[in-house]
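**Student:** got a predicted model here, sequence first, then my questions.
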Amino acid sequence: MISDAVRPATRLLQRLLAVATALVITTLPAHAGVGMLGEGFNLSSTSLGVTGGSHHWDVQRKVIPSICQRRNASLVQGYEYGYSYFHTVFASVAFAYRKCGQINRAARINPLTWRVRPGYTILAGQSMGLGDVVVGVRTRLNHIDTASWEILLAIPTGYDNNSAARLGRGALGLGVGLLFSSLPYSVNSNPNPWGWSLGSRFTYYFSGKGNTLQSFIAAQYALTDTNFEQTGDFGEIRLAHSTGFALSGVQQQIFFNQVPNSMTNSDQTVLQLKYSHSFSTGLSTSAHIGKAFFGRNTPIDYTLGLGVSYRWKD
């Protein structure tokens, strides 16, 4: 009876921070590594990502049509600086476009009267502007550049926090993450064209906006005989998984579960293929394609991205 009373059609708005934080990770050097720069080194990066789709998974992981066709884009500008051998500071800011948005407020049960307040839907048209700003610091965990940890702040800008097509999370976030990778080429006594990396990041959002857990695992292959030095061509296959945890019963990516006691989670798994070319001048370019192939309460989106970065020393 409850599920019949509160069963709305759903259309999910991708949160900007998931895109921004993912781009912070994917704009690291083309070779396997944990995002550490040498002291006095700078890295500037620009990434353009486009997502689109017309279906999503519901609470039972069934594929159903979305109300509107998603056509979203994000332009992320990042900067990293090697403050010392052990510490790299980083920051990014995103400019985003959202074609449309929808938030489904879940039904609530009054614990005293046991009366059901029906769910309702908030719709919004297109939105464009600055999203969230991310600042943080990354620290080495060893001397061979195979492990690091990071802490970051996600800061909302002046976008409309109540819009269903809002451009970010809409709340201050505090995140912590870990990154691991294979041995760098320069210290590997038996160098080979293969490398790997993996990482995970948990972000807590204040003001009841829900939390996120994002993880990835990737394998890299050097297409040229330079292996994982700073020049050459590189291919990568990556699996990325994100989980959303709602707080206070509402979350931008989750929206609604038909079972009241489980309406707080969503998940999405994406397969991504990436090609990178690094020049000896410190310039790198990349392109990637991806698709969400498994999820719950989340969009079934295709992704396309281009990136360019430049590294130099003071």
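**Tutor:** Cool, the structure landed. All values derive from a computational prediction rather than experimental measurement.
**Student:** parallel or antiparallel, list what pairs with the host helix or strand of Ala240.
**Tutor:** Assigned by DSSP states H and E, Ala240 falls within strand 232-245. As defined by DSSP bridges, the strand partners of strand 232-245 come to strand 211-222 (antiparallel), strand 265-278 (antiparallel).
**Student:** average model confidence for the longest one?
**Tutor:** It refers to strand 265-278. Here strand 265-278 scores 91 as its mean pLDDT.
**Student:** just checking, next helix/strand downstream of that strand?
**Tutor:** Defined by DSSP H and E, the subsequent element after strand 265-278 is strand 283-296.
**Student:** what's the angle from that next one to strand 232-245?
**Tutor:** 30 degrees (axes from the mean of the first three to the mean of the last three C-alpha atoms, to 10 degrees).
**Student:** show me what counts as buried in strand 283-296.
**Tutor:** Going by neighbour count (16 or more other C-beta atoms under 10 Å), the buried part of strand 283-296 is Ser284, Ser286, His288, Gly290, Ala292, Gly295, Arg296. Bear in mind the C-beta positions are built from the backbone N, C-alpha and C, glycine included.
**Student:** check which element follows that strand along the chain.
**Tutor:** Downstream of strand 283-296 (by DSSP H and E), the next one is strand 298-313.
**Student:** counting contacts, what elements does that following strand pack onto?
**Tutor:** The contact analysis (3 or more C-beta pairs under 8 Å, 6 or more residues apart in numbering; DSSP states H and E) places strand 298-313 against helix 16-26, strand 41-57, strand 63-82, strand 265-278, strand 283-296.
**Student:** ok and the second one relative to strand 283-296, angle-wise?
**Tutor:** In other words, strand 41-57. Counting by the same axes, to 10 degrees, strand 41-57 lies at 30 degrees to strand 283-296.
**Student:** pLDDT on strand 41-57, on average?
**Tutor:** 91.
**Student:** please apply the same query to stretch 179-188.
**Tutor:** Throughout stretch 179-188, pLDDT has a mean value of 71.
**Student:** then stretch 287-305?
**Tutor:** 91.
**Student:** can you check stretch 194-202 too?
**Tutor:** On average, the pLDDT along stretch 194-202 is 93.
**Student:** quick check, nearest of the buried residues of strand 283-296 to Gln268?
**Tutor:** Gln268 lies nearest to Gly295 out of those, by C-beta to C-beta, at 4.0 Å.
**Student:** can you pull the contacts of that closest one?
**Tutor:** Residues near Gly295 by C-beta atoms under 8 Å, 6 or more residues apart in numbering: His56, Trp57, Arg61, Ser266, Asp267, Gln268, Thr269.
**Student:** ok, the first one touching Ser66?
**Tutor:** By that I understand His56. Yes: proximity of His56 to Ser66 meets the contact threshold set by C-beta atoms under 8 Å, at 5.4 Å.
**Student:** the more surrounded of these two?
**Tutor:** Neighbours per residue (other C-beta atoms under 10 Å) separate His56 from Ser66, with His56 holding more: 26 against 19.
**Student:** could you find the closest non-adjacent residue to that one?
**Tutor:** Pro299 (4.7 Å; C-beta to C-beta, 6 or more residues apart in numbering).
**Student:** how many neighbours does that neighbour have?
**Tutor:** Around Pro299 there are 24 residues (other C-beta under 10 Å).
**Student:** same check, this time on the one 10 residues further on
**Tutor:** The burial count assigned to Ser309 is 22, neighbours taken as other C-beta under 10 Å.
**Student:** what's the answer for His143, then?
**Tutor:** For His143, the neighbour count with other C-beta under 10 Å is 9.
**Student:** quick one: it from Ser197, how far?
**Tutor:** 18 Å (C-beta to C-beta, to the nearest Å).
**Student:** His56 bridge partners, please.
**Tutor:** Ile64, Pro299.
**Student:** any idea how far it is from Lys274?
**Tutor:** 25 Å.
**Student:** so which strand or helix has Gly170?
**Tutor:** With DSSP H and E as the test, Gly170 turns up in no helix or strand.
**Student:** just the strands in the stretch 51-200 of the chain please.
**Tutor:** Secondary structure of the stretch 51-200 of the chain (DSSP state E, counting those that start in this stretch): strands at 63-82, 87-98, 101-105, 108-109, 116-117, 120-124, 127-140, 147-156, 173-181, 194-205.
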